[in-house]
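J.: sequence plus predicted model, see below.
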Amino acid sequence: MNAVAGGGSFISFPALMLSGVPPVPANATSTIALLFGVSASGGAYRERFNISRRVMVPLILISLVGGLIGALLLVHTPTQTFLRVIPWLLLGATLLFAFGRRLTDLLAGGISGDASNLAIAGASLFEFIVAIYGGYFGGGIGIMNLAMLAALGMTDIHAMNALKVLLSGTANGVATVAFLFKRVIFWPQAIVMTVGALVGGYFSAHYAQKLPPAWIRWFILAVGFGMTIYFFARAYL
């Protein structure tokens, strides 16, 4: 799911809770396990990285800062508050992806290699918000990154997935460092999940590039809306 559309944490996070891990440590443990899967996906998408350094470097740096802020917010958030915030964040991300193309005309440029400084600044602001979310709750960061890239003018779903993998991995990576210092990782579960993430991350990213882009977009929306309903039901029913 992470390789194709994002949202893999919507399976791993509930699975960890069912195994007896409390919500906040479950999220932290899921983040560190799936980080390796995201890295494996990056290897499969290496030929799709066609974004200039002038655009990529600011986005990576802002992902580092935002991911760290989000991780620190998480470890200081009460459990019940954490569970109630999740569905609203995911709903917003899914809607943004669904209607992101309509926002494209409102933005000057997009984020191509010759993008204006204003377009890069706008992309960095979006990514800062997405990275905070990713550090706070890794689930759905891929969907949010895809939504941000769609709104900023990217249309090649495979190129978008390549950049999504890089930015999501950056935010989750720095969040993982914070979780390690705070000692909130449940290691037995993390190790088992990491093995699956490595295998699934690489092979799914490889074969996803052979699918029609329209199929992937519909899959992304199905995952987004399905998990939004799940977390609303869990939090409020």
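T.: Here it is on my side, so go on.

J.: next SSE downstream of the lowest-mean-pLDDT helix or strand in the chain?
T.: Across the helices and strands of the chain, mean pLDDT, DSSP states H and E gives its lowest value to helix 141-151, namely a mean of 73. Sequence-wise, the next helix or strand downstream of helix 141-151 (DSSP states H and E) is helix 157-182.

J.: tilt between the following helix or strand past that following helix and helix 157-182?
T.: Moving toward the C-terminus from helix 157-182, the next helix or strand (DSSP H and E) is helix 187-208. Here helix 187-208 points in a direction 170 degrees away from that of helix 157-182 (axes from the mean of the first three to the mean of the last three CA atoms, to 10 degrees).

J.: list the helices and strands helix 187-208 packs on?
T.: helix 9-18, helix 23-44, helix 157-182 (3 or more CB pairs under 8 Å, 6 or more residues apart in numbering; DSSP states H and E). The C-beta positions use only the backbone N, C-alpha and C, and glycine is treated the same way.

J.: buried residues in the helix or strand just after it, which are they?
T.: Heading C-terminal from helix 187-208, the first helix or strand you meet, by DSSP H and E, is helix 213-236. Going by neighbour count (16 or more other CB atoms under 10 Å), the buried part of helix 213-236 is 216, 217, 219, 220, 221, 223, 224, 227, 228, 231, 232.

J.: wait, the fifth one sits on residue 96?
T.: No: proximity of residue 221 to residue 96 does not meet the contact threshold set by CB atoms under 8 Å, at 11.3 Å.

J.: now stretch 63-81: average pLDDT?
T.: Over the span of stretch 63-81, the pLDDT mean works out to 91.

J.: send the alpha carbons of that stretch over as CSV?
T.: Provided in CSV are the C-alpha atoms of stretch 63-81 (Å, rounded to 0.1, in the frame of the first residue of the first chain):
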residue,chain,number,x,y,z
SER,A,63,10.6,17.6,5.4
LEU,A,64,13.3,17.2,8.0
VAL,A,65,12.2,20.1,10.1
GLY,A,66,8.5,19.3,9.8
GLY,A,67,9.0,15.6,10.6
LEU,A,68,10.9,16.4,13.8
ILE,A,69,8.2,18.8,15.0
GLY,A,70,5.4,16.3,14.3
ALA,A,71,7.3,13.5,16.2
LEU,A,72,7.7,15.8,19.2
LEU,A,73,4.0,16.7,19.1
LEU,A,74,3.1,13.0,19.1
VAL,A,75,5.0,12.0,22.2
HIS,A,76,3.3,14.8,24.1
THR,A,77,-0.3,14.1,22.9
PRO,A,78,-2.8,12.3,25.1
THR,A,79,-3.9,9.0,23.7
GLN,A,80,-7.6,9.9,23.3
THR,A,81,-6.8,13.2,21.6
